[in-house]
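Asks: Sequence isn't available, so here's the structure alone:
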């Protein structure tokens, strides 16, 4: 019953988005572009073009007020999956998307803005091809071609000054487009992806919670390749179709980075620590690719991102999505939209002094990272053996965790045996790594090197998180809502989801292991899960000193971890 209510809520969310975005697609007549003296008035109008493969793309041009002979940079807005373009300044959803705030301000300050419907969305034709380089990414180039012919675009040494901003799907498309088109000068990808297969099926475990949302959107408020419906049901059964892997293998910036074709543009990468669709790891990989390519790449880790309806709280009214309005970087608070606008001013108008207001590397909140733009180095710790005996371990935590607090009232905490692992049957397993001395931050990407044995299944699915708990108290807290699944037995090496969490003096840091996780509600190995886990974990603890490792930790090391 609970599951059906969650699906109903997800369907209602999609339906609400349909109503809201439908309201945003009203058209206006194209105005006279030039006044008698050759100046341009601030206005907006609708346009369209035909792509190389004869697909209609509809877009909205926001024309700035320009004096005779004056020109201005061009800023493209690319919408998220399942939504539509901003067809007017008052389009409802544009007021809850960061990109909407930025492009309205840029239009007011004299930028050309083009917001367009991607294939399979709004008034554009075709179906979406999931960031296909020869379709969605090439469409970006065709829009720039149109703008160069029809608009007074600012140029530097003949090169048009072009920037792109977009959330989610719009972030992924702009990164691929920049790898193909050197005319694009500056990017702001918000909550995008580096490796599409890695985010949708990490370690070959389909992310069925978000896949359900995306399939609902693709069948109701957008139009996508219907072959994906069958692939979705196969994924719910635990397998990814071979044609999906092959067709989408180069539909992400990761393919271009790993084949020596990184994006040409500089980028301000924004990624959310609560985002369970495109984790912070994806933003860090994008940032690393661009830095390695010699671009001016900056990174801001925020609180929000894609929030799975029914399992995560959304601060705003747009269920499933949130990006905080204020950034707190190294004690300096700024509006997120102001930071982004200053980035474009510096990159597209040459106001380089404004780069001082754009963080080079920031994890919002109380966290302090070093000035070279990196997270703390990891420290390795041993993990004792623990068992996970049921695919229901973690399913009933909404009942069990409050009871832990009740138990603490009557049973005194005993921290003498903090190094002892707690196996999980109906409860998750808790495997200690270290007990901290003084308040500590865990900031960065943990890594595990695990040996997994099984009793009844050849390919158990386990879900991993970094957690902290007061020794002997019976309670625990995960340091991130992002989860890393692993499938199979034997030796497994993997990064965990990035963490940004504070640990109190005397708390134990360790690994939380369960057989059920709501984000993957259809993708577990079922009630027959029976596996034992042992190995090592590398934790990015800040400051680097002050932790008291387990006795065996001093000599431990984890392969592949700095």
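Replies: The structure has been received and is ready for your questions. Because the structure is predicted, anything quoted here is derived from the model rather than measured.

Asks: Distance check, the residue nearest to residue 347 when sequence neighbours are not counted against residue 295.
Replies: Excluding its sequence neighbours, the residue lying closest to residue 347 (Cβ to Cβ, 6 or more residues apart in numbering) is residue 186, at 3.6 Å. To be clear about C-beta, it is placed using only N, CA and C from the backbone, and glycine gets the same treatment. From residue 186 across to residue 295, the span is 10 Å (Cβ to Cβ, to the nearest Å).

Asks: Mind listing the shared neighbours of these two?
Replies: 265, 266, 267 (Cβ atoms under 8 Å, 6 or more residues apart in numbering).

Asks: thinking again about what came up before, neighbour-wise, which of residue 186 and residue 295 wins?
Replies: residue 186 (23 against 18; other Cβ atoms under 10 Å).

Asks: now the stretch 401-550 of the chain, which segments are flagged as low pLDDT?
Replies: 407-416, 455-458, 528, 543-550 (pLDDT under 70).

Asks: Show me where the stretch 401-550 of the chain has its helices.
Replies: Applying DSSP state H, counting those that start in this stretch to the stretch 401-550 of the chain gives no helices.

Asks: where do the helices sit along this protein?
Replies: Secondary structure of the chain, counting by DSSP state H: helices at 2-22, 98-108, 138-150, 169-180, 196-200, 208-220, 227-236, 242-247, 253-258, 280-292, 336-349, 397-410.

Asks: and among those helices, the most buried is which?
Replies: Mean neighbour count, computed with mean count of other Cβ atoms under 10 Å, is highest for helix 169-180 among the helices of the chain, reaching a mean of 28.

Asks: on that earlier part again, for the residue nearest to residue 347, list the residues it contacts.
Replies: 162, 163, 164, 265, 266, 267, 268, 343, 344, 347, 348.

Asks: do that again at 6 Å, thanks
Replies: By Cβ atoms under 6 Å, 6 or more residues apart in numbering, the contact set of residue 186 is 163, 265, 266, 344, 347, 348.

Asks: Of those, just say which sits nearest to residue 170.
Replies: Set against residue 170, the nearest of the contacts of residue 186 by Cβ to Cβ is residue 163 (13.0 Å).

Asks: so what's the backbone phi/psi at residue 418?
Replies: Dihedral angles of residue 418 (phi, psi; degrees, to the nearest 10) stand at phi -60, psi -20.

Asks: Quickly note the distance from the residue nearest to it when sequence neighbours are not counted to residue 417.
Replies: Spatial nearest neighbour of residue 418, chain neighbours left out: residue 471 (3.6 Å); criterion: Cβ to Cβ, 6+ apart. From residue 471 over to residue 417 the distance is 8 Å, taken as Cβ to Cβ.

Asks: Which residue of the two possesses the greater neighbour count?
Replies: Comparing residue 471 with residue 417 by other Cβ under 10 Å, the one with more neighbours is residue 471, at 18 against 9.

Asks: Verify the contact between the more buried one and residue 419 for me.
Replies: No - look at residue 471 against residue 419 with Cβ atoms under 6 Å: they stay out of range, at 9.0 Å.

Asks: Now the common contact residues for these two.
Replies: Common neighbours of residue 471 and residue 419 (Cβ under 6 Å, 6+ apart) do not exist.

Asks: Around residue 493, count how many other residues there are.
Replies: By the measure other Cβ under 10 Å, the count of residues near residue 493 is 15.

Asks: same question, residue 328
Replies: Counted with other Cβ under 10 Å, residues neighbouring residue 328 total 16.

Asks: Contacts only, for it.
Replies: By Cβ under 6 Å, 6+ apart, the residues touching residue 328 are 364, 365.

Asks: how close does it sit to residue 334?
Replies: Using Cβ to Cβ, one gets 8 Å for the distance from residue 328 to residue 334.

Asks: before we move on, what about residue 323?
Replies: Separation of residue 323 from residue 334 (Cβ to Cβ) stands at 14 Å.

Asks: What of residue 491?
Replies: Using Cβ to Cβ, residue 491 is found at 46 Å from residue 334.

Asks: what's the answer for residue 95, then?
Replies: In terms of Cβ to Cβ, residue 95 sits 20 Å off from residue 334.

Asks: and what of residue 392?
Replies: For residue 392 relative to residue 334 (Cβ to Cβ), the value is 46 Å.

Asks: Pull the contacting residues for the closest residue in space to residue 355 that isn't next to it in sequence.
Replies: Distance criterion Cβ to Cβ, 6+ apart; nearest residue to residue 355, sequence neighbours excluded, is residue 346 at 4.7 Å. Applying Cβ under 6 Å, 6+ apart to residue 346 gives the contacts 352, 354, 355.

Asks: and if you look at residue 82?
Replies: The contact partners of residue 82, by Cβ under 6 Å, 6+ apart, come to 217, 221, 222.

Asks: Make sure residue 105 is actually in contact with residue 339.
Replies: No - the pair residue 105 / residue 339 is not scored as a contact, 11.8 Å apart, by Cβ under 6 Å.

Asks: and the closest residue to residue 128 other than its chain neighbours, backbone torsions?
Replies: Using Cβ to Cβ, 6+ apart and skipping the chain neighbours, the partner closest in space to residue 128 is residue 120 (3.4 Å). Dihedral pair for residue 120: phi 80, psi 10, per degrees, to the nearest 10.

Asks: confidence score at residue 120?
Replies: Note for residue 120: predicted pLDDT of 95.

Asks: tally of neighbours for residue 224?
Replies: 21.

Asks: Return the distance of it relative to residue 400.
Replies: Distance from residue 224 to residue 400, by Cβ to Cβ: 39 Å.

Asks: Now do the contacts for residue 162.
Replies: 74, 144, 183, 184, 185.

Asks: Ok, residue 272 next?
Replies: Going by Cβ under 6 Å, 6+ apart, residue 272 touches 191, 302, 304, 305.

Asks: Quick check: pLDDT value at residue 175.
Replies: So, for residue 175, pLDDT stands at 98.

Asks: mind starting the numbering at 287 from now?
Replies: Yep, numbering from 287; the last one is residue 461 now.

Asks: Quick check: it touching residue 539?
Replies: Yes - assessed by Cβ under 6 Å, residue 461 is found in contact with residue 539 at 3.9 Å.
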